[in-house]
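Peer 1: Quick one, structure for this:
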Amino acid sequence: MDEKRNAILTVAIICAMLLVFTAADLFNGDRIYSETENRVLASRPEFSQESVKSGEFGAAYEEYITDQFVGRDKWIGIKTASDILMQKKDINGVYLGQDGYLIEQHLPSAYESVQVTKRTALLEKLVHDWNAKVMLVPTADNVLTDKLPANAAYYDQEALLAYVEEQIGESHYIDVFSVLKEHSQEEIYYRTDHHWTSLGAYYGYSVWAQALGVRPYDYSVSRMRTASEDFLGTLHSRLNLPMKGDEITYFPETIKRPVTVTYDFEETMDTYYQESYLETKNKYGFFLDDNHAFTEIHTSYRNGKTLFVIKDSYANSLIPLLTPHYQTIYVVDLRYLNGSLYEFMQTYEPEGGMDVLVVYNCIHFLEDFQYYE
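Peer 2: Below is the predicted model:
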């Protein structure tokens, strides 16, 4: 009888909890956007007989319930805490590294050789058609290897970079891996986010200047300014535990001379840095107003030179450092660009030609690099 009574009590408690959470969900309404996770949440799917038969409705509704579950952010933190108590070394695709580092997990099994060949072939064509330079930036798991948990697996980006260099040619390849490895004990990646820091971007800039044979601008690392001290990035959002925030810094030399920055042919600013983002979860948007399909930059350096950048978000903290070398900089993010990349480039190419720079982190290159000629 006791076992039966306990079973009934357990079922009753579970039912009561489901009723409470369901009622809470109804009263709270659906959320459109998660500030913590920095993404749009799933909305309630439309019901139809066809979607039910195909299984699409069930899958979409499960995603909807998961995203709209009341107290979702707190539950993520509770689950993370329990996983830590169970001594898990990775949680939700994030390694718990030494010195407070959260390092995004990229397993070797996730990236097939055909994927590498396809992306590299696209890159090789672009490089040779436009005489482009390429900067593929390794992610933290390949550089901060001493901070990874014991026996943590990671996709070998050094081998990827060696293959890319071989295919596109040494004269087009900018070796960022070596300089980041050399400075791996410095704060070149955020602890709570997947991006490199302004210091990491600075070291990328230094090898870019060397590859182009130009004299680098005399930026002072010791005089970098702090824009925020409480940045909790995308990796923190997956765990949602109390942590000390990262600092977002920038080089004050980049704001000494006038500049105009126009985003998507609409909004024009007089700075690379948007302080309004520092009041949000997405503080990395401070650099170049987050991500846009097209950005047009006019500097006060009247040297007649033009740069065309094809990039992911890693370039956002690098581009301000390139200012002293160009009068005009055009920036394209292929994730948001519709239509022909080549036609777009031809539209903005001056008679004297232009430099072309491709900047991606290695993982985004494998996952996202795609264009239409």
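Peer 1: quick one: contacts for the spatially closest residue to residue 274 that is not a sequence neighbour?
Peer 2: Excluding the flanking residues, the one nearest residue 274 by C-beta to C-beta, 6 or more residues apart in numbering is residue 289, at 4.7 Å. The way it works is simple: take the backbone N, C-alpha and C, and place the C-beta from them, glycine included. Residue 289 sits next to 261, 263, 267, 269, 274, 277 when contact means C-beta atoms under 8 Å, 6 or more residues apart in numbering.
Peer 1: Of these, keep whichever come out buried.
Peer 2: Neighbour counting with 16 or more other C-beta atoms under 10 Å marks 261, 263, 274, 277 as buried within those.
Peer 1: got a markdown table for the contacts of residue 289, with distance to residue 103, secondary structure and pLDDT too?
Peer 2: Output for those, formatted as a markdown table (distance: C-beta to C-beta, whole Å; DSSP: H, G, I helix; E, B strand; the rest coil; pLDDT from 0 to 100):
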| residue | distance to residue 103 | secondary structure | pLDDT |
| --- | --- | --- | --- |
| 261 | 32 | strand | 98 |
| 263 | 31 | strand | 98 |
| 267 | 35 | strand | 93 |
| 269 | 33 | strand | 97 |
| 274 | 27 | coil | 97 |
| 277 | 24 | helix | 97 |
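Peer 1: how about TSV for these, with distance to residue 122 added?
Peer 2: Putting those into TSV (distance: C-beta to C-beta, whole Å) gives the following:
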residue	distance to residue 122
261	28
263	26
267	31
269	32
274	31
277	32
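Peer 1: quick one: which of those residues is nearest residue 295?
Peer 2: Of all those, residue 263 has the smallest distance to residue 295: 5.6 Å, by C-beta to C-beta.
Peer 1: which ones are touching the closest one?
Peer 2: 269, 289, 292, 294, 295.
Peer 1: Specify the beta-bridge partners of it.
Peer 2: In this entry, residue 263 is beta-bridged to residue 267, residue 295, by DSSP bridges.
Peer 1: just checking, what packs against the one helix or strand residue 346 maps to?
Peer 2: Residue 346 is located in helix 341-348, with elements delineated by DSSP states H and E. Applying 3 or more C-beta pairs under 8 Å, 6 or more residues apart in numbering; DSSP states H and E, one finds that helix 341-348 contacts helix 113-130, strand 306-311, strand 328-332.
Peer 1: Need those in CSV (columns: mean pLDDT).
Peer 2: Formatted as CSV, those follow (pLDDT from 0 to 100):
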stretch, mean pLDDT
helix 113-130, 97
strand 306-311, 99
strand 328-332, 98
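Peer 1: and the ones you listed as TSV, adding distance to residue 346?
Peer 2: Shown next, in TSV, are these (distance: least, C-beta to C-beta, whole Å):
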stretch	distance to residue 346
helix 113-130	10
strand 306-311	10
strand 328-332	12
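Peer 1: In a markdown table, list these along with mean neighbour count.
Peer 2: Shown next, in a markdown table, are the helices and strands packed on helix 341-348 (neighbours: other C-beta atoms under 10 Å):
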| stretch | mean neighbour count |
| --- | --- |
| helix 113-130 | 15 |
| strand 306-311 | 22 |
| strand 328-332 | 22 |
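Peer 1: of the ones you listed, which approaches residue 101 most closely?
Peer 2: Closest among the helices and strands packed on helix 341-348, using C-beta to C-beta: strand 306-311, at 24.8 Å.
Peer 1: Mind checking what secondary structure the residue nearest to residue 274 has?
Peer 2: coil (DSSP: H, G, I helix; E, B strand; the rest coil).
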